[in-house]
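[1] with the sequence up front, the predicted model follows.
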Amino acid sequence: MTGTGSLAIIIGLPLAVALVFLALSWFERRSGAARGPGFFQRNGVAVGLYLIIAVGFWALFIIVLPQVAMVDMSFRPKLPPSQMGGPKDLYTLENYRYFLFGSTTSTASWNTLHIKAFFLTIGVSILITALNFAISYPLAFHMAYSAGVGRLRMLLLLLIIPYWVNEILRAFAFRVLLSSGGVVNKALLGAGLIAEPVDFLGADVGLYMGLSYAYLLMMIFPLYNAIESLDRNQVEAARDLGAPWWHIHAFVVMPHAKPGIASGCTLVFMLCAGALAAPLVLGGPRTLWFTPIVYDRFYQAFNWPQGAAYAFILLVTCILFVLTVLKAFKLGLGEITR
Amino acid sequence: MKPGLVSRLLFAVYIGAFFVYLLGPLAVMGISAFNTPAYPQVWPIEGLTLDWFGKLLADEDMMYGLRTSLWIGVLVVAISVPIGLAGAIVMTQIQARLRSTYYLVVVSPVLTPGIIIGISTVVFWREFTTVTGMKFLYDGIVLTVLGQASYISAYCMLVILARLQRFDRAQEEAALDLGASYPQVFRHILLPYLKPALFSAAVLAFLASFENYNTTTFSILADKTLTTILAGRVRQGTTPAISALAVLIIGATLIGALAYELVKRREDARAQSRRQAAAEAEERELAGELAGAAA
């Protein structure tokens, strides 16, 4: 952003939003759609101001403007600070060109390394999401449907303990397990099943297991919440009418738990595709994952516009994934973020 | 219908495998914290030791990071809970035709990868502080608090909103009829009603801030938090001191979870006895009335 231009946005956008709100409330009042006391009447001046300032600051300065700034930067060339806002500071596609072709100017050859890492990240994230759903669903169903109160409390407690151990430590645990001198290799060696240590981390087994492990609970809790609200009589009725067990799940439980399934899947996918800790800790030197590449654009190549472009590509992918899931499940955004 | 023995057995095996997968790695890591070898090792146990805990506590960097993380956590709670509260209240009052847009904007950070939040925060505030000349705001801790507040405020809002939606508006109207002003209703009716949700939101916000890595690693700039230092250590090599840290965190989580369970049980018991007392009082009153009517 150039100096005056960005200042105009920083001051102009909040003003514009305030005007839209004023116009809308005036319009609704006139058309009789809104009844009762007005905003300040209803909350009082002090509380009203607090609400407006808190939400305005949050929505504009913490959420929207940073995203706008990042997208804006991704379309600008890398320049030394002295030339920012100068004649060379024009909108350009070179950062995106670099992602596709590995060069800011030529389009002769594809940037296979980055493109491959990108698609691998997306593909593996989708697989891990599906895997985690398969692992979590039976337990979530059991917890919601057939576990007694005492048992349920114990299961929840057991689930919550690993939940607050941070991602890096969880990844570290897998390193302790799977490294060449780790527990699994020692056990296999000791049992005589293998002659020399298997390089789990180099083969990315560690990374994929670590990712699946790290976000397992993000799948369980939404699933459990969704299945729990199902009326037991529906399952009983289906059973009495002779439905086989897989019918009950496919046509009674899962349709009801749709919001939970969608919510768990979007969360796990987003966290996997955006995971940084697990690839850093568990990835081998040849591991392909997209987020470390983004990180290196910033702190190895010191090319912030390029990093912003890569981040934007990742963001668009996640948005597309969320939209696809919502479309496939015929849900609204409000239903999955409950 | 009773499920057959085979399927019950299969299910038990599944549950067992699930929890081995979930807790096994943590247990293995935990054991290595008490074993003497310098490389995290579980078996053979060459000697029990608490040295690794001592090494951890003597680690200046780690302790510095811990202090920064705690400080950031407190600031995030101080910002995110009020924002979340305001966000939830506005959600219930906003014009119907703006509600879905508003919801989309404020919930979007929950579905945005953490590194993108971190990157956009740094990019924007670098620009903002340069343009407005407020360079002192371009600071790792400030940026991290702002970046984390984006999605943690949304968590807080969702927690508070869940309780706010069950709020009985009649209470508010009763207070207004009795002559309370709107600010008084907010202060004496709404806030006390929301207290449990505000408390949960604060705990959630602190924990989410404390364990965050993806956003923090970008927004912390040259400063360090516990998670960023930890990431550096883990990449350099593995030492049981890191396992010791994990043991401490798991311990703290366990104590916290048990304390919460106890408080909840006591509250449940209190609510139960209150209900019982109310029922008894009602019965007595009814009996008294009946006796009065008979006499």
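    Done, it's in.
[2] which ones are touching the residue in the stretch 151-300 of chain A that chain B sits nearest to?
    Residue nearest to chain B within the stretch 151-300 of chain A (CB to the nearest CB): A:G274, separated by 2.5 Å. (Each C-beta comes from the backbone N, C-alpha and C, glycine too.) By CB atoms under 8 Å, 6 or more residues apart in numbering or on different chains, the residues touching A:G274 are A:T291, A:L314, A:C318, B:P113, B:G114, B:I115, B:I116, B:N214.
[3] so how far is B:A12 from it?
    36 Å (CB to CB, to the nearest Å).
[4] what do you get for B:V76?
    Taking CB to CB as the measure, B:V76 falls 42 Å from B:A12.
[5] and residue 143, what's its pLDDT?
    All of this refers to chain A. On the pLDDT scale, A:M143 is placed at 87.
[6] that was the other one, I meant chain B.
    You'll see B:L143 listed with a pLDDT of 94.
[7] OK, contacts around it?
    Listed by CB under 8 Å, 6+ apart, the contact partners of B:L143 are B:T121, B:V122, B:W125, B:S219, B:I220, B:L221.
[8] what are the phi and psi angles of whichever residue of the stretch 51-200 of chain B sits closest to chain A?
    Closest to chain A within the stretch 51-200 of chain B is B:P113: 2.5 Å, counting by CB to the nearest CB. Main-chain dihedrals, B:P113, degrees, to the nearest 10: phi -60, psi 140.
[9] and the closest residue to it other than its chain neighbours, how close does it get to B:T215?
    Closest residue to B:P113 apart from its sequence neighbours, by CB to CB, 6 or more residues apart in numbering or on different chains: A:G274 at 2.5 Å. Distance of A:G274 to B:T215, given as CB to CB: 10 Å.
[10] could you tell me which residues touch both of these two?
    Between them, A:G274 and B:T215 share the contacting residues B:G114, B:I115, judged by CB under 8 Å, 6+ apart.
[11] the closest residue to B:I94 other than its chain neighbours in helix, strand or coil?
    Of all residues not flanking B:I94 in the chain, B:Y102 sits nearest, at 5.5 Å (CB to CB, 6+ apart). Taken by DSSP: H, G, I helix; E, B strand; the rest coil, the conformation at B:Y102 corresponds to helix.
[12] might one say that B:Y102 is in contact with B:A88?
    No: the pair B:Y102 / B:A88 is not scored as a contact, 11.5 Å apart, by CB atoms under 8 Å.
[13] neighbour count for these two, which is higher?
    Taking neighbours as other CB atoms under 10 Å in any protein chain shown, B:Y102 and B:A88 compare with B:A88 leading, 24 against 16.
[14] next, give phi and psi for the residue nearest to B:P113.
    Backbone torsions of A:G274, given as degrees, to the nearest 10, read phi -100, psi 10.
[15] tell me where the stretch 51-200 of chain B has strands.
    With strands called from DSSP state E, counting those that start in this stretch, the stretch 51-200 of chain B shows none.
[16] which stretches of it form helices?
    Under the criterion DSSP state H, counting those that start in this stretch, helices of the stretch 51-200 of chain B are mapped to B:51-57, B:60-93, B:96-107, B:114-132, B:140-164, B:169-177, B:182-185, B:191-211.
[17] where does pLDDT dip in chain B?
    The model of chain B has pLDDT under 70 over residues B:1-3, B:42-44, B:292-295.
[18] B:V76 and B:A12: which is more packed in?
    Using other CB under 10 Å, the more surrounded residue of B:V76 and B:A12 is B:V76, with 26 against 10.
[19] pull the contacting residues for the closest residue to A:T291 other than its chain neighbours.
    Distances taken as CB to CB, 6+ apart place A:L276 nearest to A:T291, at 4.7 Å, with adjacent residues excluded. Contact analysis of A:L276 by CB under 8 Å, 6+ apart lists A:T291, A:P292, A:Y295, B:G114, B:I115, B:Y213, B:N214, B:T217.
[20] look at A:L276 and report its pLDDT.
    88.
[21] centroid residue for chain B?
    Geometric centre of chain B, nearest residue: B:L204, 1.2 Å, by CA atoms, centre = their mean.
[22] can you report how many residues neighbour the nearest residue to that residue once chain neighbours are set aside?
    The shortest distance from B:L204 to any non-neighbouring residue, by CB to CB, 6+ apart, is to B:Y155 (5.7 Å). Counted with other CB under 10 Å, residues neighbouring B:Y155 total 19.
[23] next one: B:Y155 from B:A257, what distance?
    Remark: distance between B:Y155 and B:A257 (CB to CB) = 18 Å.
[24] for the longest helix seen in chain B, name the packing helices and strands.
    When chain B is scanned for its longest helix (criterion: DSSP state H), the result is helix B:240-294. In terms of contacts (3 or more CB pairs under 8 Å, 6 or more residues apart in numbering or on different chains; DSSP states H and E), helix B:240-294 is packed against helix A:149-163, helix A:167-178, helix B:5-32, helix B:51-57, helix B:226-236.
[25] perfect, that will be all.
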